[in-house]
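Colleague: Kindly return the folded structure for what I paste below:
(one chain, ligands or ions: 1)
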Amino acid sequence: MPTASNGNGHSGNGVIPISESGAPLVLGGLAIAGSPLDVAELERLANEMFRAGPEGAGLGPDTPDVPEVSGESIMGELPVVPDRLNGTAVGDGSGSSPEPELLQWAYLVDGAVPSSPGAAPAVEPDPRAAPATPSAPKPMPAADPRTGSAPSSAAGAADLFALHGERLSLAELGLAEVPRVSAADPAAGSYYFMDESRSFATSETSRGGAPSPAAPGTGTSAYPAFDVQAVRRDFPVLAEHVHGGLPLVWLDNAATTQKPTAVMSRLDYFYSHENSNVHRAAHEMAARATDAYEAARDKVARFLHAPSSDEIVFVRGATEAINLVAQAWGRQNVRAGDEIVITWLEHHANIVPWQQLCQETGATLRVVPVDQSGQVMLDEYEKLLGPSTRLVAFSHVSNALGTVTPAREMVEMAHRYGARVLVDGAQAVSHMRVDVQDLDCDWYAFSGHKVFGPTGIGVLYGKADLLNTMPPWQGGGNMIRDVTFERTSYQPAPVRFEAGTASIADAVGLGAALDYLQRIGIENVNRYEQDLLAYATEQLLTVPGLHLIGTAPEKASVLSFVLDGFEAEEVGRALDQKGIAVRAGHHCAQPIVRHFGHESTVRASLAFYNTCAEVDTLVEALRQIVMRGVQL
Ligand SMILES: Cc1ncc(COP(=O)(O)O)c(C=O)c1O
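Modeller: Below is the predicted model:
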C-alpha cells in the first residue's frame, strides 16, 4: 500500500514514514520513539536545512556564513522600478516606443479573429455572420493567444519583482487606524461567525472584548531547537498579539497559510505600478499587467513541473477548479451507468461537485475505504475500478487527517482502467514537491491561499489535449475567439476557462509566494515539517486522554485529535483564549471525521514557520485543559 521508499527513508510521496502504530518515528536518522527528542540534533538539522536553501533563506542573523540582507527580512529590498517599466517600452523590453504592429495586434485582441492552432472544435462561425470589417488589421502571427501580447524578450515584470523585503506600513497605505480589537465575545467565549443561528449583522456586538489574562510562555520552551526566527520575520502577522497581549500561535495552516512580506509587497507593487486589465487595450499598463499575470502562470507551471503554461488555468481556488472539471468535462463525458470514484478522505469540495454530477447524469459515486490509520486501502480501491469507471478524484493530502495518499500509484491504477484522474492538491502543495508529470494525473487543483499566496486565486492544471477538448464552463470576456449573435467560438486553453476579469493581482501574488517557497526549498520545508510533526506527535501523545485521529505512515504536518471528556469546539475556544489558533470542527470533511466516530476534532496544522516552542505552548495549554477544564 505505501509507495516505495526512495532510498532516503522518504517515500515516493516525499514524506518520512511513521510506523503502522502511528507512534514510533525515525526521521532522517533521528529516532524519537520511546526516548526524548534529541534537541541538539533537531537544531543541527534545522540549521542544515536552511543552509541548504538556495539563498541561505531562513538563517538567523547569528549565522555567520550567510550575509544578512536588508533589515529584518531575508528577502531583500524592494527593487528600483526598472527603466522598462518607467519608460514607454511595451512587451519587448527594448525601451523603445510601442511598435505600430503591437497596437494593431492589441486592437485585434478585442476585435478580430486570429486563427489559433490549439483551438478546440467549438461552435463554428456562422457563414451568414457579418464579415470582418475591412479595416481589421492582419494578425501578428507570433502573438500568444494567452497573453494577447507580442512575445516579450525581457523577463516579465513579475520576474523582476518576485522577492521583496519591505512592506509599506499601514500608515503609508492610509490604513493607520485599524482597530486592534478582538472579534471575540469573552463572555460567551465564542465568535459570531461560529454560530450559524446568528446573522453577520450581529458581529459588531461581539467586538471590543477585554484582554484575556496571562500570555502563554512561548519563549520559555525547553526546546529552542530550531532557529526559524529569520523565516518568521518574513511573516509579519506571526508577530501579532491577540486577546489584548497574547502572542499569536498560528496552528491553522490547513485552513489558510500566512503571507510573507514578499507576497504583500508584490501585491502593493502591482497596484502601484502595473494595474490594468490584462490581454486587452493598446497601452503600456495593459502590457505590464499582462506580463506580470502571465509570468505568474509560468511560475505555477514550473512549480508543478507542468510541460506548458498553457496547461495552467487560473481559478478562484481548489473548489472552483474541481467544479470546473465536473461541469465542463463531466457533463460532456459522464453518462448514466458510469461510475465516479472518490475516497473517504475527501474534502466536501471533492465530494459535492461529483454528487451533483451524478444526480444530473445518472452516474454512480463509489467511495474507497480507508484503514484505521486513515490511509486509502489500495486493494479495495482496485476492486472499485472497472470499465464503468470514468473518473477518479482524490486528495493528495487529507485536510482532516494529514494522510498523504499514494497518488502516483492511484493514478496509474485508474489509468489502467481508462479512467481520468483529478488530484486535489489543496493540502499538498505547501508541504511537498508536486510533479504533475511524475504523477501523470489528468488534472491537479490547488488554492493560492494555502501555499502562502493570496485568497481568491487558485490553479487547475490539466493536460493540454484534455483541456482543449473540454467546453468552457462560463462565458464572457476574453475567452472567446469570435462572437456573433448566432455563434461563439472559443480560445484554446487556458484562456477559454478564464471568462471575465481574473484575480490578476492575486495571481501575481501567488507567483511571488511560489518564488518565496522556491527560495527556501520545498524539500527543506518538507524535511523540517516532518521533524516538527514527529516532535508534535510525540508531545501530544503525552497529554492524558488525547487521541490522535489519523496516524497513517505517510502524513503531512496535520494533527487531528480528540480529548476525552471535552468537545472539540470547547477545546478550540479554550486554546484560542491562550492565543493558539487551531481548527475545531468537521474540517469540511464530515464523512471521514464521522468514519472515525466523531462529529468534530481539534486540528493543529503546522507550517515551516512553526516552532517546537509553539508545539510546547499547545501541549501545555492542553494539559491545563485536562487539569482545570476549559475555563483554564
Ligand atoms: C483537501 C482540500 N480540498 C479542497 C479545499 C477547498 O479549498 P478552497 O476553499 O481554497 O477552494 C480544501 C480547503 O480546505 C481542502 O483542504
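Colleague: for the ligand, what are the nearby residues on the stretch 501-632 of the chain?
Modeller: Cys588 (Cβ under 6 Å from any ligand atom). Quick note: C-beta positions are derived from backbone N, CA and C, even for glycine.
Colleague: Tell me where the stretch 501-632 of the chain is predicted with low confidence.
Modeller: 632 (pLDDT under 70).
Colleague: quick one: the residue of it at minimum distance from the ligand from Thr343, how far?
Modeller: The ligand sits closest to Cys588 of the stretch 501-632 of the chain, with a gap of 5.9 Å, by Cβ to the nearest ligand atom. Separation of Cys588 from Thr343 (Cβ to Cβ, to the nearest Å): 15 Å.
Colleague: The two: which is more packed in?
Modeller: In this view Cys588 and Thr343 are compared by other Cβ atoms under 10 Å, and Thr343 has more residues nearby, 28 against 18.
Colleague: and the residue nearest to the more buried one when sequence neighbours are not counted, backbone torsions?
Modeller: Leaving out its chain neighbours, the residue that sits closest to Thr343 by Cβ to Cβ, 6 or more residues apart in numbering is Val368, at 4.3 Å. Per-residue torsions, Val368: phi -80, psi 130 (degrees, to the nearest 10).
Colleague: Report whether the expected contact of Val368 with Ile342 is present.
Modeller: Yes. Assessed by Cβ atoms under 8 Å, Val368 is found in contact with Ile342 at 7.2 Å.
Colleague: Quickly list what's touching both of the two.
Modeller: The contact sets of Val368 and Ile342 overlap at Phe394 (Cβ atoms under 8 Å, 6 or more residues apart in numbering).
Colleague: how many neighbours does His595 have?
Modeller: 17.
Colleague: residue contacts, it?
Modeller: Trp344, Val370.
Colleague: Tell me how far it lies from Val368.
Modeller: Taken as Cβ to Cβ, the span from His595 to Val368 is 12 Å.
Colleague: ditto for Gln474
Modeller: From Gln474 over to Val368 (counting by Cβ to Cβ), the distance is 31 Å.
Colleague: Leu532 now?
Modeller: Leu532 is 29 Å from Val368, by Cβ to Cβ.
Colleague: cool, and Ala230?
Modeller: Counting by Cβ to Cβ, the gap from Ala230 to Val368 is 42 Å.
Colleague: Next to the ligand, which bits of the protein? Give me the list.
Modeller: 317-319, 347, 349-350, 395, 399, 424, 426-427, 447, 588.
Colleague: Run through this protein and note the low-pLDDT ranges.
Modeller: Using pLDDT under 70, the chain drops low at 1-227, 632.
Colleague: CA-only coordinates of stretch 293-305 in PDB, if you can.
Modeller: Extracted C-alpha coordinates of stretch 293-305, given in PDB (Å, rounded to 0.1, in the frame of the first residue of the first chain):
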ATOM      1  CA  TYR A 293      -0.100  37.800 -14.900                       C
ATOM      2  CA  GLU A 294       1.500  35.500 -17.500                       C
ATOM      3  CA  ALA A 295       4.800  35.400 -15.700                       C
ATOM      4  CA  ALA A 296       2.800  34.100 -12.700                       C
ATOM      5  CA  ARG A 297       1.300  31.400 -14.900                       C
ATOM      6  CA  ASP A 298       4.800  30.400 -16.000                       C
ATOM      7  CA  LYS A 299       5.900  30.200 -12.300                       C
ATOM      8  CA  VAL A 300       2.900  28.000 -11.500                       C
ATOM      9  CA  ALA A 301       3.800  25.700 -14.400                       C
ATOM     10  CA  ARG A 302       7.400  25.500 -13.200                       C
ATOM     11  CA  PHE A 303       6.200  24.900  -9.600                       C
ATOM     12  CA  LEU A 304       4.100  21.900 -10.700                       C
ATOM     13  CA  HIS A 305       6.500  20.800 -13.400                       C
END
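Colleague: Name the residues of that stretch that are buried.
Modeller: Tyr293, Glu294, Ala295, Ala296, Arg297, Asp298, Lys299, Val300, Ala301, Phe303, Leu304 (16 or more other Cβ atoms under 10 Å).
Colleague: just checking, the last one touches Tyr444?
Modeller: Spelled out, that is Leu304. Yes. Using Cβ under 8 Å, Leu304 is in contact with Tyr444, at 6.4 Å.
Colleague: Mutual contacts of the two, please.
Modeller: Going by Cβ under 8 Å, 6+ apart, residues that sit against Leu304 and also against Tyr444 are Val434, Val436, Val459, Tyr461.
Colleague: From those residues, pick the one nearest the ligand.
Modeller: Val459 (10.7 Å).
Colleague: Leaving out sequence neighbours, find the closest residue to Ala428.
Modeller: Leaving aside its sequence neighbours, Ala428 sits nearest to His396 (Cβ to Cβ, 6+ apart; 3.7 Å).
Colleague: who's in contact with that neighbour?
Modeller: Counted by Cβ under 8 Å, 6+ apart, His396 has contacts Val404, Thr405, Ala407, Val423, Asp424, Gly425, Gln427, Ala428, Val434.
Colleague: what does Glu599 give?
Modeller: Contacts of Glu599 (Cβ under 8 Å, 6+ apart): His586, Val593.
Colleague: so what's the backbone phi/psi at it?
Modeller: phi -90, psi -20.
Colleague: Return the distance of it relative to Val582.
Modeller: Counting by Cβ to Cβ, the gap from Glu599 to Val582 is 17 Å.
Colleague: Could you double-check that Ala607 sits in contact with Ser430?
Modeller: Yes. Using Cβ under 8 Å, Ala607 makes contact with Ser430 at a distance of 6.6 Å.
Colleague: Looking at the two, which is more packed in?
Modeller: Comparing Ala607 with Ser430 by other Cβ under 10 Å, the one with more neighbours is Ser430, at 28 against 25.
Colleague: secondary structure element for the more buried one?
Modeller: Taking DSSP states H and E as the definition, one finds Ser430 inside no helix or strand.
Colleague: Number the chain from 870, please
Modeller: Happy to do that; since the first residue is 870 now, the last one works out to Ser1299.
Colleague: which residues touch it?
Modeller: Contacts of Ser1299 by Cβ under 8 Å, 6+ apart are Asn1122, Thr1126, Lys1319, Val1320, Phe1321, Leu1386, Val1394, Ala1476.
Colleague: Cool, thanks, talk later.
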